[in-house]
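**Student:** 3D model of this:
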Amino acid sequence: MHDEQTTYAGLAGWQATGLAVAAAAMAARTGLGSLIGAIILLPVVYALVRLRRHAPNAASTAELVGSAVGPRGAAFALILQVSGYALIAVTAAQTIALFLVPPEPSEDPFGPPQFNAWLWSLWAVAAIAAAATAVFALSDRMVATLAAVLAACGLLIQFYYGLAVIARGLSGSTSGQPVDAAAAPTGLVAAGTLALAAVSLAGFEVVTARTRRESTNGWPMGLGVGAVTLVAVIGWWACQHSGFGAGSLDGSSFGLAVMDFYGDTGMQIVDVGTAMFIAAALVALLWGIAKATERLGTRVPSDAVFGGAVVAMVVLAIVVIHARWTLGYVGGLVLFALYGLVLIANSRIAADGVVSWWLRLIMPIVFAAVVLVPLAWAEFDTSAVKPVAVAAAVIAAAAGAAVAGTRSRAG
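**Tutor:** Residues are numbered from 1 along each chain as shown. Here you go, the predicted model:
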């Protein structure tokens, strides 16, 4: 029986679980989409646990994959993991910065808020720098504790206010806005919305970026996915009692729903909670990048590689902010490619059972649907195709780099 108290990288079980919760915390506003994401991703948890039993001495996600598909697959997995985390972390930094940048005056009071791009970039860069400094300067246990505390506080605020809004709605309190749930999306629109939201849970496996040898415990990942999904569903249910979010499939209107019942003060507290769990995600993902880059095996020191990754994230944050775009969905798709590779590695393990056979049959169809259904819903509009195309380019580049890297080492 394995030690339950030191599961990953010498971390206590609650710290490993906190990292998993933090990395997936940005899905806390995806409502029912998080439930779909949890159903899709639990087989990946199963595959990772099974790979760990197959290779108990593997010390990272890449080594787990490589134990079944070889060094080229390991290199591909490592590059996908680092790329996916970096893209999602940039989006986390963009989002945190928005809480600190005042909107500019607009001639259209009903139009989307406008922000000074350079001030927005400055705060996003500061968020990345602060998180990177914490990861570099603090021990693994302290980083995990920081991420766990931030995620727990932020998600508990949403959980508490969600239950409070639900209780008031069930007790007969009336929303300040007309509640019309008849406008709920159906058919392809609903499927596309849920598929887009399901990708937001990507990153939960961050604890496997640096694992303690001979550990097989999948509880941190499973609990991380379950905790975030529970909070997201509570948030969605709360929205159904407010005219701001009734009929929606996600929880994006949660702050407005809280304001509907508890005024500006309630919304401000919820905003603080949101900033906390997004900051937790940023710290957890940067920790994952730092731990993954330790396993590159290059002549360049791992600290220099991590520093280079942080600089690249800073540049990327400035570029996408000025382009008024976000990369979180792209990062999620890149990590879904990693999950596909994990499932392939799982299928290569000898003496697999009925569960693995069904996963080989069903999961390719599910993953294809996650990508194609939103495109069909958007009728292959350029705005929907662009993130998929960028993700495909990143995945192709990762594959090319993996092939080139393994060839050079073999030579």
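
**Student:** buried ones in the strand or helix carrying residue 43, by neighbour count?
**Tutor:** Residue 43 is part of helix 32-54, with elements assigned from DSSP states H and E. Residues of helix 32-54 classed as buried by neighbour count (16 or more other CB atoms under 10 Å): 32-38, 40-41, 43-52, 54. Placement of C-beta: from N, CA and C, glycine included.

**Student:** which strands and helices lie in contact with whichever helix or strand comes after that helix?
**Tutor:** Following helix 32-54 in sequence order, the next helix or strand is helix 61-69 (DSSP H and E). Applying 3 or more CB pairs under 8 Å, 6 or more residues apart in numbering; DSSP states H and E, one finds that helix 61-69 contacts helix 32-54, helix 71-98, helix 328-347.

**Student:** for residue 273, find the nearest of these.
**Tutor:** Closest to residue 273 of the helices and strands packed on helix 61-69 is helix 71-98 (CB to CB; 12.7 Å).

**Student:** which one of the helices and strands packed on helix 61-69 lies nearest to residue 12?
**Tutor:** helix 32-54 (18.3 Å).

**Student:** show the average pLDDT along that closest one.
**Tutor:** The average pLDDT within helix 32-54 is 91.

**Student:** between helix 328-347 and that helix, find me the angle.
**Tutor:** Put simply, helix 32-54 runs at 40 degrees to helix 328-347, going by axes from the mean of the first three to the mean of the last three CA atoms, to 10 degrees.

**Student:** so how far is helix 32-54 off the chain centroid?
**Tutor:** Per CA atoms, centre = their mean, to the nearest Å, the displacement of helix 32-54 from the mean C-alpha position of its chain is 14 Å.

**Student:** would you mind getting the angle between that helix and helix 61-69?
**Tutor:** Using the same axes, to 10 degrees: helix 32-54 against helix 61-69 is 60 degrees.

**Student:** so who does the nearest residue to residue 114 once chain neighbours are set aside touch?
**Tutor:** Spatial nearest neighbour of residue 114, excluding adjacent residues (CB to CB, 6 or more residues apart in numbering): residue 104 at 4.7 Å. Neighbour list for residue 104: 113, 114, 115, 116 [criterion: CB atoms under 8 Å, 6 or more residues apart in numbering].

**Student:** write a PyMOL command that selects only the buried members of those.
**Tutor:** Restricted to buried positions by 16+ other CB under 10 Å, the PyMOL selection for the contacts of residue 104 reads:
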select buried, resi 115
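
**Student:** closest one to residue 146 out of the contacts of residue 104, please.
**Tutor:** The closest of these to residue 146 turns out to be residue 115 (CB to CB; 27.8 Å).
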